[in-house]
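In: for reference, the sequence and a predicted model appear below.
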Amino acid sequence: MLHEISELFSEFGIEYADAVPFSECTVINRGKMRRIGFEPQTAIVFAVPYLRRFYDDINISLYAVSEDYHIFFSRLFSELLLRLGKMFPDGRFAAFADNSPIDERTAAAKAGLGVIGENGLLINDKYASFVFIGELITDVPPRFIVTRGDFTVYRCEGCGRCTEACPQKGGQCLSALTQKKGELTQSEKEMIKASGCAWGCDICQLVCPHSTTAAMSEIAFFSEKPIARLTRDIISAMNDDEFMRRAYAWRGKKTILRNLELLELPESEVKDTFTV
Ligand code: SF4
Ligand code: SF4
């Protein structure tokens, strides 16, 4: 049956999908887990490649260049759940992408989708770390889906380039910092200014040797309506619907505008005056 499931995923441009017994998964959110309303037995885990190209002139993380990947997942899940419902009429499924009740990176590594990098990301053989992880938790027993017998988590070779290149050296990750609401401290503003990135940070991905051979995604969604270099003017010109379709929308317009304002200001003017 995994063969049929793999074929189903490949129809959506997803080549890396596999399953693990739920007993191999680590629950990180018990409340969310209880709310699925059935006894989980298997997790189908898959990797969605999103990289369509590298840009010379970019000031946001590569994952945020296209429209919000949650839109892609929402469409994908409606189709998948419909089709899986036909394959397993008695099965129940719960779908997640990045808001999962389980540790999805470890589940993906156990499912053989890649290794865990020292940068904390899943590194897939073909697409490197430029993948989103999704999973379908189901009460269909593993014997109907799982074919693997080895659930070892493998690690990257540990070359150390990611940790060497990280401007924060173990301090607050810039990715989280650009999402922070409220008042930024002077040093936080300076960190964002120095990074040149208004949303996220890709440094530890880009310096990874695996990224040099990363294949581009064939999924059309990720090449539609790209915006790699944001400005305050671009954000201000978006209507609410357009803005809400972007990955940086969930923290509100003020947050991304504040970050852009920091980037657009001369160094000497990055003062402790911006709040959200
Ligand atoms: S995303 Fe950037 S700031 Fe965060 S760990 Fe990686 S290199 Fe460091
Ligand atoms: S840069 Fe080196 S240590 Fe870091 S994730 Fe890539 S292979 Fe692993």
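Out: Nice, thanks for sending it over. Ligands and ions are numbered 1, 2, ... in the order given.

In: residue contacts, the closest residue in space to residue 264 that isn't next to it in sequence?
Out: Excluding the flanking residues, the one nearest residue 264 by C-beta to C-beta, 6 or more residues apart in numbering is residue 232, at 6.7 Å. For the C-beta atoms, the positions are set from N, CA and C on the backbone; glycine is no exception. Shown in contact with residue 232 (C-beta atoms under 8 Å, 6 or more residues apart in numbering): 257, 260-261, 264.

In: distance-wise, check residue 232 relative to ligand 2.
Out: Distance of residue 232 to ligand 2, computed by C-beta to the nearest ligand atom, to the nearest Å: 33 Å.

In: re earlier: could I get the contacts of residue 232 as a markdown table with neighbour count, secondary structure and distance to residue 143?
Out: Conversion of these to a markdown table gives the following (neighbours: other C-beta atoms under 10 Å; DSSP: H, G, I helix; E, B strand; the rest coil; distance: C-beta to C-beta, whole Å):
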| residue | neighbour count | secondary structure | distance to residue 143 |
| --- | --- | --- | --- |
| 257 | 17 | helix | 53 |
| 260 | 22 | helix | 53 |
| 261 | 16 | helix | 56 |
| 264 | 14 | helix | 58 |
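
In: between the residues you listed, which is nearest residue 153?
Out: Set against residue 153, the nearest of those by C-beta to C-beta is residue 260 (38.6 Å).

In: report pLDDT for that closest one.
Out: Residue 260 is assigned a predicted lDDT (pLDDT) of 97.

In: what does residue 272 give?
Out: At residue 272, the pLDDT value in this model is 54.

In: how about residue 148, secondary structure?
Out: coil (DSSP: H, G, I helix; E, B strand; the rest coil).

In: could you give the number of residues near it?
Out: A total of 15 residues lie near residue 148 under the criterion other C-beta atoms under 10 Å.

In: up against ligand 1, what does the chain have?
Out: Residues of the chain lying near ligand 1 by C-beta under 6 Å from any ligand atom: 119, 166, 168, 173-175, 201, 203-204.

In: so which of those are also by ligand 2?
Out: Near ligand 2, judged by C-beta under 6 Å from any ligand atom, the entries from the residues of the chain next to ligand 1 are residue 119.
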